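**Student:** Fold the following for me, if possible:
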Amino acid sequence: MPLFSRDTKVEALRRAPLFAGLTRKELTELAKVTEDVDLDTGKVLCEEGKTGQEFFVIMEGEVEVRRSGRKLATRGSGEFFGEVALVEDIPRTATVTATTPLRFFVLTRRSFLRLLDEHPAVERKVMRALARRLVSVSDELSL
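**Tutor:** Numbering: from 1, shown residues only. Modelled structure (predicted):
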């Protein structure tokens, strides 16, 4: 049984910069291929150094983000992480652990790539979003 409505997922996905240029129809297609998950406190969602395959959107609860054992951040309802894992096969840069009971939805790389194959316009928009992000990061580094 789904935990979240499609409209709820569409609105959550719209907030992710990677998907900001997508139309409501494209976001709806993306929402269709996500999976709802309910986890207990203490569960690890992703582990530093291991290859990631998922993008997470937290709907209820909180997670702790740690790198090299040091706490970097707490993320909660409406926040997301792991978008790089959708487009590149690289190790995770942090470990993320549920600090409360957690409800979220996840988009896997396999589902995402399948959607891109079926909807080339989505791929172009995602690539433009990545390019904008790269430019903003390189501008920050050159200051």
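
**Student:** Can you list the neighbours in contact with stretch 88-95?
**Tutor:** 44, 46-52, 65-67, 72, 82, 84-85 (C-beta atoms under 8 Å, 6 or more residues apart in numbering). In this view, the C-beta of every residue, glycine as well, is placed from N, C-alpha and C.

**Student:** Now do the buried residues in whichever helix in the chain runs longest.
**Tutor:** Secondary structure assigned by DSSP state H gives helix 120-141 as the longest helix of the chain. If you call a residue buried by 16 or more other C-beta atoms under 10 Å, then helix 120-141 has these buried ones: 122-123, 125-126, 129-130.

**Student:** swap in stretch 53-65?
**Tutor:** If you call a residue buried by 16+ other C-beta under 10 Å, then stretch 53-65 has these buried ones: 53-59, 61-65.

**Student:** Low-confidence stretches in the chain?
**Tutor:** When the per-residue scores of the chain are filtered using pLDDT under 70, the ranges that remain are 1, 137, 139-143.

**Student:** which residue is nearest the centroid of it?
**Tutor:** Residue closest to the average C-alpha location in the chain (C-alpha atoms, centre = their mean): F55, at 3.0 Å.

**Student:** what sits against that one?
**Tutor:** Listed by C-beta under 8 Å, 6+ apart, the contact partners of F55 are 16, 80-83, 85-86, 106-107, 112.

**Student:** Identify the bridge partners of it.
**Tutor:** Going by DSSP bridges, F55 is paired in beta bridges with L107.

**Student:** what's the spacing between it and L107?
**Tutor:** F55 is 5 Å from L107, where distance means C-beta to C-beta, to the nearest Å.

**Student:** so what sits against both of those two?
**Tutor:** Between them, F55 and L107 share these contacting residues under C-beta under 8 Å, 6+ apart: L86.

**Student:** re the thing from before, who are the packing partners of the longest helix of the chain?
**Tutor:** Counting contacts by 3 or more C-beta pairs under 8 Å, 6 or more residues apart in numbering; DSSP states H and E, helix 120-141 packs against helix 24-32, helix 109-118.
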